[in-house]
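Trainee: Below is the sequence, then the predicted model.
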Amino acid sequence: MSYQIYSHILPSATPGTQRILKAHHFGEAGARPKMYFQAGLHADEWPGFLVLNALLRKLKKADEAGLIQGEIIIVPVSNPIGLGQNFHGYIPGRFSFSDGGGNFNRNWPQLGAKVHKRIKEEVTGNPETNVALVRKAIHEELMLLPEHTELLGMKKNLLALSMGADEVIDLHCSGEANMHAYVAQEFEGHFKPLLALLGAKVGLSELETGAASFDETNVSVWRELKSHYAHLIPWGSRSLTVELRGENDISNDFAQQDAQALFDYLILRGVVAGDMPEIDDSQVAYYPLDAMDLVKAPCAGIVCYHKAIGKEVEAGEVIGEVVNLMDDEVETSSYPLVARTNGVFFARVQRRLVVCGESIAKIAGREHLAFREIGHLFED
């Protein structure tokens, strides 16, 4: 048996408080392939908690049977800071209350230029040797990251756990949504089997969002180095963000279904021994992130949707309306939500009281939209 649990203590933010990250390790340290999973980086997105709990149960049985061939690290609760932000029974866990108040999944440390500086005199003609060289340099740079606040300590620990993995899978969810994922353009083919296993029909394909999110940060070093050395430095890490449907899509059935999909994926990648899963990826489609229409509320009020999630829409089609409760003329107080692209209506906010100008629905389109700016594709 190889199963171990390690607790990583974060810097104490205030006297008498202490938060920890628990990392579950399977397989021999250094074994390949190495996989990393985490859930709840946005601490108000909870489906992944139950999914990884179910996956841990499956992996413990696999470990007892001697089936773990690679290395697996799972952090089922990756943001104890956000979970502690309990405000009268509501946990607003997307943004930090302290350390500048930013989005927990934005502006992670970018190490590409620093790693390049470390290795540029040592790159060889052997790609395998170069991968080991880069991983060593990444580790050295990670150790230099500051950790004098609770949030910085959490980021440093999560990156130290994940950046040596061959694949990083970050579990999130949307307000109300179909299963979907955000995937780097370079990895569309690689992760298509995973999306198929999860039943995700929509993949949002991105190059650089400008967000410096957790999943992007794990591959940003390799992207930076490949721009200099091409094939001499292969991809040492691939990552994606999986959106596990909506906030309230939490059940034992969903958790078992999704955990089995992740377990089957580990078999597919040779991390766990077992019968190869049958995969039909014919329903998986990728849509450019810069073609995604963010439908905005035309006024403040109550939103009513006319179109169900998962349905195809056409540009100019009305998918819902917002009722302005302050209009004098109630007969004309409804304002339409109009799709600006052809595509799939796949996500929307859970709240029905919306703020004027906020993005409340997402449509995966196929053609670039002029008002979507490359490098600034996430609003929050």
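Mentor: Noted; the coordinates are in hand. Numbering: from 1, shown residues only.

Trainee: what's the domain layout of the protein?
Mentor: As given by automatic domain parsing, the domain ranges for the chain are 4-288, 292-365.

Trainee: Need the nearest residue in space to Ile72, chain neighbours excluded.
Mentor: Phe26 (4.2 Å; Cβ to Cβ, 6 or more residues apart in numbering). Yep, even glycine has a C-beta here, placed from its N, CA and C like the rest.

Trainee: how many neighbours does the one you found have?
Mentor: 25 (other Cβ atoms under 10 Å).

Trainee: Next up, the contacts around it.
Mentor: 2-3, 59, 62-63, 68, 71-74 (Cβ atoms under 8 Å, 6 or more residues apart in numbering).

Trainee: and if we set it to 6 Å?
Mentor: 2-3, 59, 63, 68, 72 (Cβ atoms under 6 Å, 6 or more residues apart in numbering).

Trainee: what do you get for Leu159?
Mentor: For Leu159, the contact set (Cβ under 6 Å, 6+ apart) comprises Leu142.

Trainee: what's the helix or strand for it?
Mentor: Using DSSP states H and E, Leu159 sits in helix 150-162.

Trainee: so where is the stretch 1-150 of the chain shaky, pLDDT-wise?
Mentor: By pLDDT under 70, the low-scoring segments of the stretch 1-150 of the chain are 1.

Trainee: which stretches of it form strands?
Mentor: 4-9, 20-26, 34-39, 71-75 (DSSP state E, counting those that start in this stretch).

Trainee: which one of these has the most crowded surroundings?
Mentor: strand 34-39 (a mean of 25; mean count of other Cβ atoms under 10 Å).

Trainee: before we move on, the earlier item: how many degrees apart are the helix holding Leu159 and strand 34-39 in direction?
Mentor: Orientation check (axes from the mean of the first three to the mean of the last three Cα atoms, to 10 degrees): helix 150-162 against strand 34-39 gives 150 degrees.

Trainee: hey, C-alpha coordinates of helix 150-162 in CSV?
Mentor: What follows is helix 150-162, C-alpha atoms only, in CSV (Å, rounded to 0.1, in the frame of the first residue of the first chain):
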residue,chain,number,x,y,z
GLU,A,150,-2.2,33.0,4.4
LEU,A,151,-3.2,33.4,0.7
LEU,A,152,0.4,33.4,-0.6
GLY,A,153,1.1,30.3,1.5
MET,A,154,-1.9,28.6,0.0
LYS,A,155,-0.9,29.4,-3.6
LYS,A,156,2.7,28.3,-3.0
ASN,A,157,1.6,25.0,-1.5
LEU,A,158,-0.9,24.2,-4.3
LEU,A,159,1.6,25.0,-7.0
ALA,A,160,4.3,22.9,-5.2
LEU,A,161,1.9,20.0,-5.2
SER,A,162,0.7,20.4,-8.8
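
Trainee: where does it sit relative to the chain's centre, distance-wise?
Mentor: Relative to the chain's own centre, helix 150-162 is displaced by 16 Å; criterion: Cα atoms, centre = their mean, to the nearest Å.

Trainee: Tell me the buried residues in it?
Mentor: 150-162 (16 or more other Cβ atoms under 10 Å).

Trainee: Quick check, central residue of this protein?
Mentor: Thr241 (2.5 Å; Cα atoms, centre = their mean).

Trainee: For it, name its beta-bridge partners.
Mentor: Assessed by DSSP bridges, Thr241 has beta-bridge partners Asp170, Tyr182.

Trainee: my guess is it meets Asp215, correct?
Mentor: Yes. Between Thr241 and Asp215 a contact is recorded at 4.8 Å, counting by Cβ atoms under 6 Å.

Trainee: Can you check which residues contact both of these two?
Mentor: Joint contacts of Thr241 and Asp215 (Cβ under 6 Å, 6+ apart) are Asp170.

Trainee: The helix holding Leu159 relative to strand 20-26, how many degrees between them?
Mentor: Using the same axes, to 10 degrees: helix 150-162 against strand 20-26 is 0 degrees.

Trainee: Helix 150-162 to strand 71-75, inter-axis angle?
Mentor: 160 degrees.

Trainee: would you list the strands of the stretch 1-150 of the chain in CSV and tack on distance to Ala300?
Mentor: Converted to CSV, those look like this (distance: least, Cβ to Cβ, whole Å):
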stretch, distance to Ala300
strand 4-9, 43
strand 20-26, 39
strand 34-39, 33
strand 71-75, 38
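
Trainee: and of those, who's closest to Asp253?
Mentor: Nearest to Asp253, of all the strands of the stretch 1-150 of the chain, is strand 34-39, at 17.6 Å by Cβ to Cβ.

Trainee: What number of residues are in the vicinity of Arg245?
Mentor: Neighbours of Arg245 using other Cβ under 10 Å come to 22.

Trainee: repeat for Gly316
Mentor: Other residues near Gly316 number 10, with proximity taken as other Cβ under 10 Å.

Trainee: Count residues in the vicinity of Ala62, would you?
Mentor: Counted with other Cβ under 10 Å, Ala62 comes out at 23.

Trainee: Once you drop chain neighbours, what's closest to it?
Mentor: Val272 (5.4 Å).

Trainee: doesn't Asp264 make contact with the one you found?
Mentor: No. With contact defined as Cβ under 6 Å, Val272 does not reach Asp264; the gap is 9.1 Å.
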